[in-house]
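> The sequence isn't on hand, but the structure is:
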Ligand SMILES: Nc1ncnc2c1ncn2[C@@H]1O[C@H](COP(=O)(O)OP(=O)(O)OP(=O)(O)O)[C@@H](O)[C@H]1O
């Protein structure tokens, strides 16, 4: 046995101990998929989907036909394996027979960019069966968002009425809503006509991240408003929510087998992640109903099949030089560089600017930036206008950018989960990709242990010619001076946070902008 190998840990929750293995499923051509609505088949073909990936087939089997959605579904499947369509397709098909428009499916995601991405997936298939998809992320003003989400009744003459003055019904303009927790809570508490009363499906994507942060207690609120029995409904009415809505979904209590004490029809939950938590206390927040686990293979953490991992070992002060030499070597390929913090991302981006004529275009992407600046950088990266995005971990979760060939961990990821989500921005949808990690000598052992958690024992050293690093030294020295000037000036203007200023001072001692 390897010196570091540990016995496999057994999940505490019994239902997590015998999952269905997604790896036993094959990709399935759309024509062979049972019960697929022909309109959806057409819409999928239009966006280049001609067969379903294994995770999508596995979820489809649990959600279509007799017994569909009887249990809540939990999916633990690698990054880029197609989890978004795995839930979007069955939900859209299930709602395709709905008679009246009201909010029936809610998808909650941790970040705005991610929610926009997921909304696009729904929007590419839902209209084909007459469903409408909304977005609540705070991208536009709340008033604009409300007008997209809530249908204002029209007078006979075509004039819009003010429902505050007239006792008229407000109804949802969308069947499916993709939201971030903050904006969702805004609508729950203040938007007239916004109701979760008819909700049938709740998707919590990137579940472990969503459960780690409370986000204004959005989850208990959603569960309370949607799993409503008579009492909750009357509470809702009393608090002024849903005051105008006369459509009612009657949820009866304890009438079906396995539903004792629960309301029926119940809210079906789908939770997904590449690193699904096994922590019972976290999962208990979701109040899952007879949960059913689908997972890839027999290890808890799995990297994409065609991902190759490499390490570069260098002295701390030479990291920027190694990074530039590596980026020059990879020039022409889309690369994502991850640092350990927003401050590091900012510093490194400035430093790169002063390296002179580099054969690649790059941009910063971090939580320090205004959302509009960040979204612009992401768009430029998607469109191929820039080759390299220097990012903090804001980017790691779920983002799907076509053609990313390489991920570079400028700072070692502290946990296997961080490695998985960062590395998973490449080698998506069965494509190949590389993940490079810059390490100091004293980090090598710890990094090996981290990778072993995903059964990865094959991380070879990536060689870099010594002169490709050496010839950058003179530029580096002047770039560091200029970096200091910029940070000083940003501090004077109040643009740089105190952490940034402090850390620049500290690094000057070691002649490096980075730990
Ligand atoms: N059946 C399919 N055929 C072709 N491409 C697909 C199919 N399903 C998904 N894709 C593509 O695969 C990529 C990855 O999908 P998706 O973003 O859903 O992965 P994921 O499992 O959610 O990843 P992560 O864990 O990183 O969020 C996307 O670009 C998507 O368009």
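Alright, I've got the coordinates. Note that the structure is predicted; figures quoted are calculated from it, not measured.
> hey, let's count contacts and neighbours off CA atoms from now on
Fine.
> Tell me how far the residue nearest the centre of the chain lies from the ligand.
Nearest residue to the geometric centre of the chain (CA atoms, centre = their mean): residue 398, 3.4 Å. Noted for residue 398: a distance of 3 Å to the ligand, by CA to the nearest ligand atom, to the nearest Å.
> same deal with residue 52?
Shown here: residue 52 relative to the ligand, a distance of 4 Å by CA to the nearest ligand atom.
> That residue: neighbour count?
21 (other CA atoms under 10 Å).
> contacting residues around it?
27-30 (CA atoms under 8 Å, 6 or more residues apart in numbering).
> The longest helix belonging to the chain - what's its average pLDDT?
Scanning the chain for the longest helix, with DSSP state H as the assignment, gives helix 473-493. Averaged over helix 473-493, pLDDT sits at 88.
> again, but for stretch 333-349
Mean pLDDT, computed over stretch 333-349, is 95.
> try stretch 308-322
For stretch 308-322, the per-residue pLDDT averages 94.
> Tell me the buried residues in that stretch?
Under the neighbour-count criterion of 16 or more other CA atoms under 10 Å, stretch 308-322 has 308-313, 316-322 buried.
> for stretch 43-55, same thing?
Judged by neighbour count (16+ other CA under 10 Å), stretch 43-55 contains these buried residues: 43-44, 51-55.
> Got the confidence number for whatever residue of the stretch 201-350 of the chain ends up closest to the ligand?
Nearest residue of the stretch 201-350 of the chain to the ligand (CA to the nearest ligand atom) works out as residue 274 at 4.9 Å. On pLDDT, residue 274 comes in at 97.
> Would you check that it makes contact with residue 301?
Yes - the criterion here is CA atoms under 8 Å, and residue 274 meets it with residue 301 at 7.4 Å.
> got any residues that touch both of these two?
In contact with both residue 274 and residue 301: 78, 420, using CA under 8 Å, 6+ apart.
> Contact residues of the stretch 51-200 of the chain facing the ligand?
With the criterion set to CA under 6 Å from any ligand atom, the stretch 51-200 of the chain comes near the ligand through 51-53, 78-85.
> which of these tops the neighbour count?
Compared across these, residue 79 has the highest neighbour count, 27 neighbours, by other CA under 10 Å.
> on that earlier part again, need phi/psi at the residue of the stretch 201-350 of the chain closest to the ligand.
Backbone torsions of residue 274, given as degrees, to the nearest 10, read phi -90, psi -10.
> which stretches of the stretch 101-250 of the chain have low pLDDT?
154-169, 228-250 (pLDDT under 70).
> quick one, helices of it?
Using DSSP state H, counting those that start in this stretch, the helices found in the stretch 101-250 of the chain span residues 112-125, 142-149, 181-190, 207-212, 218-226, 230-238.
> Switch the buried residues of stretch 43-55 over to CSV; also include secondary structure and pLDDT.
Shown next, in CSV, are the buried residues of stretch 43-55 (DSSP: H, G, I helix; E, B strand; the rest coil; pLDDT from 0 to 100):
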residue, secondary structure, pLDDT
43, helix, 98
44, helix, 98
51, strand, 98
52, strand, 98
53, coil, 98
54, helix, 98
55, helix, 98
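> Out of those, which comes closest to residue 269?
Closest approach between the buried residues of stretch 43-55 and residue 269, by CA to CA: residue 55, at 16.7 Å.
> and residue 83, what does it touch?
Counting by CA under 8 Å, 6+ apart, residue 83 touches 55-56, 77, 272.
> What of residue 87?
Neighbouring residues of residue 87 by CA under 8 Å, 6+ apart: 56, 59, 203, 270.
> now for those, which pair is the farthest apart?
Across the contacts of residue 87, the longest distance by CA to CA is 14.9 Å; it joins 56 and 203.
> Please identify which of these two sits among more neighbours.
With neighbours defined as other CA under 10 Å, residue 56 and residue 203 compare such that residue 56 has more, 25 against 22.
> so which strand or helix has the more buried one?
Assessed by DSSP states H and E, residue 56 sits inside helix 54-63.
> Which of the residues in the helix or strand following that helix are classified as buried?
Note on helix 54-63: by DSSP H and E, the next helix or strand toward the C-terminus is strand 73-76. For strand 73-76, burial by neighbour count (16+ other CA under 10 Å) applies to 73-76.
> ok so residue 406 is a strand residue?
Yes - assessed with DSSP: H, G, I helix; E, B strand; the rest coil, residue 406 lies in a strand.
> how about the residues of the stretch 401-515 of the chain that lie near the ligand?
Checking the stretch 401-515 of the chain against the ligand by CA under 6 Å from any ligand atom, the hits are 424, 428-429.
> Out of those, flag the one nearest to the ligand.
In terms of CA to the nearest ligand atom, no member of these lies closer to the ligand than residue 429, at 4.2 Å.
> residues touching that closest one, list them.
80-82.
> So which of residue 274 and residue 301 has more stuff around it?
Using other CA under 10 Å as the criterion, residue 274 and residue 301 rank with residue 274 on top: 29 against 23.
> measure the more buried one to residue 84 for me?
Counting by CA to CA, to the nearest Å, the gap from residue 274 to residue 84 is 12 Å.
> Equivalent analysis for residue 171, please.
Using CA to CA, residue 171 is found at 27 Å from residue 84.
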